[in-house]
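> coords please:
(2 chains)
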2 protein chains.
Amino acid sequence: MTTFERTSRTVSLRERDRMSYDRAEAHSILDEAWHCTLAFVVDGGPRALPTLHVRVGDTLYVHGSTGSRPYLAARQSGLPVCVSVTLLDGLVLARSQFHHSANYRSVVAHGIATLVTDDEAKTAVLAALVDKIGAGRSAETRPPSLKELAQTSILALPLTEVSVRSRTGGVNDDADDLDLPYWAGVVPLRTVQGSPTPDRGVILPTPDYLLSGTG
Amino acid sequence: MTTFERTSRTVSLRERDRMSYDRAEAHSILDEAWHCTLAFVVDGGPRALPTLHVRVGDTLYVHGSTGSRPYLAARQSGLPVCVSVTLLDGLVLARSQFHHSANYRSVVAHGIATLVTDDEAKTAVLAALVDKIGAGRSAETRPPSLKELAQTSILALPLTEVSVRSRTGGVNDDADDLDLPYWAGVVPLRTVQGSPTPDRGVILPTPDYLLSGTG
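Sure thing, here's the model as predicted:
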């Protein structure tokens, strides 16, 4: 399936032209983003937790530590979650305050997250998280010990109920406003990598995958 | 009060050394970030919505449109929300996969969000959102009409139950791992502005507040 089936939770009541259910587009956004927000419910109230994620195939893995609330809850029978990821691509400055906006690409995924309990599966996810930084890095790092695996919690969310919302392009001012004497335009934003700073004692050259410049 | 009172929702069960309840620190993160994630509960399940925000004093204003679910719900008696903001400052590459991490600054705020209904208050928030891009910009844009105000929804969340979580610094590898032949270090990440692209027909010079270089 190249598109996600729409549900009442993923269909928007507004700005439907900004919505997409394309699987490849969702994957691409999830892969580019380093961090996500994990939303869940505790005692009937909303909670949001910023954390790191990695996608492997059609599953989103969210990293955490044992002892944190959502991971404790997921130990029972799975935890209903909503994960969101946002990449901010630019600020849109209109002549009217009303038409100010942002260019962005975002993904929202709903479902039941379960705790990854199998050591082999957990090891594979940790390797994928490290390889997200640079292909091949997992082979150039020490894999987790059994004790470290026990201290690591990973939630798995099947990517089945997913929507993409994005905005691209320029200013959408009303025709009546085009002659106003105000600056309007788009300010692109992007995330860039600075120079890698080696830890004390590291004499190896900086790995190639850190030299590409953008994160 | 220079610090937020701790509650069961803002005290962490893990990595307490990364937590802070400093008001000025929380404000600074909220002011630097362009976007947030608004988490709320619908039919007992979690929802997360990426959106834009602006802080004015001790209130966080979250921008939206009429017709979107949380804003409809907040019209009644207020909506329990959890808002999170994350600034990613770097990737931490350890010799061990387990100690890979990220440097970041994040804020999580809990409370009851209410819909801003007063036109004057709404106008002031829209101006603050525009001034967040550059001080003084609200005076160089057309303020909202009554029709536009009616199409704009803004949620107000008092900043009373707030926590900051952050990580800074270098690699925390175990002493036993320091001699492993693997590259370790920190890769700084930052958000930068590209060159502003004027809209068609704009002949005014780029405003000074867009020339600073970083967003």
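
> Packing partners of the lowest-mean-pLDDT helix or strand in chain A?
Least confident helix or strand, chain A: helix A:69-77 with a mean of 73, by mean pLDDT, DSSP states H and E. For helix A:69-77, the packing partners by 3 or more CB pairs under 8 Å, 6 or more residues apart in numbering or on different chains; DSSP states H and E come out as strand A:35-42, strand A:45-56, strand A:59-65, strand A:79-93, strand A:101-115, strand A:152-158. Just so you know, the C-beta spots here come from the backbone N, C-alpha and C atoms, and that holds for glycine as well.

> May I see the buried residues of that helix?
A:69, A:70, A:71, A:73, A:74 (16 or more other CB atoms under 10 Å in any protein chain shown).

> Now do the same for the residue nearest to residue A:25 when sequence neighbours are not counted: helix, strand or coil?
Sequence neighbours aside, residue A:164 is the residue nearest to residue A:25 in space, at 5.2 Å (criterion: CB to CB, 6 or more residues apart in numbering or on different chains). Under the three-state scheme (DSSP: H, G, I helix; E, B strand; the rest coil), residue A:164 adopts strand.

> these two touch, right, residue A:164 and residue A:106?
Yes: assessed by CB atoms under 8 Å, residue A:164 is found in contact with residue A:106 at 7.1 Å.

> My guess is residue A:115 contacts residue A:73. True?
No: using CB under 8 Å, residue A:115 is not in contact with residue A:73, being 9.2 Å away.

> ok so, going back, can you pull the alpha-carbon coordinates of the least confident helix or strand of chain A into CSV?
Taking Å, rounded to 0.1, in the frame of the first residue of the first chain, the C-alpha atoms of helix A:69-77 are listed here in CSV:
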residue,chain,number,x,y,z
ARG,A,69,5.7,6.6,32.7
PRO,A,70,4.8,5.6,29.2
TYR,A,71,7.2,2.7,29.1
LEU,A,72,5.9,1.4,32.4
ALA,A,73,2.4,1.7,31.1
ALA,A,74,3.2,-0.1,27.8
ARG,A,75,4.5,-3.0,29.7
GLN,A,76,1.0,-4.2,30.4
SER,A,77,-1.0,-4.4,27.2
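
> Tell me how many other residues surround residue A:45.
The number of residues packed near residue A:45 is 15, by other CB atoms under 10 Å in any protein chain shown.

> who touches it in this structure?
Going by CB atoms under 8 Å, 6 or more residues apart in numbering or on different chains, residue A:45 touches B:9, B:41, B:80, B:82, B:110.

> mind checking how far it is from residue B:79?
Using CB to CB, to the nearest Å, we find residue A:45 at a distance of 11 Å from residue B:79.

> With residue A:139 instead?
Separation of residue A:139 from residue B:79 (CB to CB): 48 Å.

> Mind checking which of these two has more residues around it?
residue B:79 (24 against 11).

> Looks like that one contacts residue B:40 (just checking).
Yes: if you go by CB under 8 Å, residue B:79 and residue B:40 touch, sitting 5.6 Å apart.

> Tell me, how many residues neighbour residue A:78?
Count around residue A:78 with other CB under 10 Å applied: 16.

> quick one: low-confidence parts of chain A?
Residue ranges of chain A with pLDDT under 70: A:65-69, A:212-215.

> Could you pick out the longest helix of it?
Taking DSSP state H as the criterion, chain A has its longest helix at helix A:119-133.

> got the buried residues for it?
Going by neighbour count (16+ other CB under 10 Å), the buried part of helix A:119-133 is A:122, A:123, A:124, A:125, A:126, A:127, A:129, A:130, A:131, A:132, A:133.

> For residue A:188, list each beta-bridge partner.
On the basis of DSSP bridges, residue A:188 is bridged to residue A:90.

> Could you report the distance from it to residue B:23?
As judged by CB to CB, residue A:188 and residue B:23 stand 33 Å apart.

> can you check residue A:15 too?
From residue A:15 to residue B:23 the distance is 35 Å (CB to CB).

> okay, these two: which has more neighbours?
More crowded of residue A:15 and residue B:23, by other CB under 10 Å: residue B:23, with 16 against 12.

> coming back round to it: the residue nearest to residue A:25 - how many residues pack around it?
Residue A:164 has 24 nearby residues by other CB under 10 Å.

> How about residue A:50?
Around residue A:50 there are 21 residues (other CB under 10 Å).
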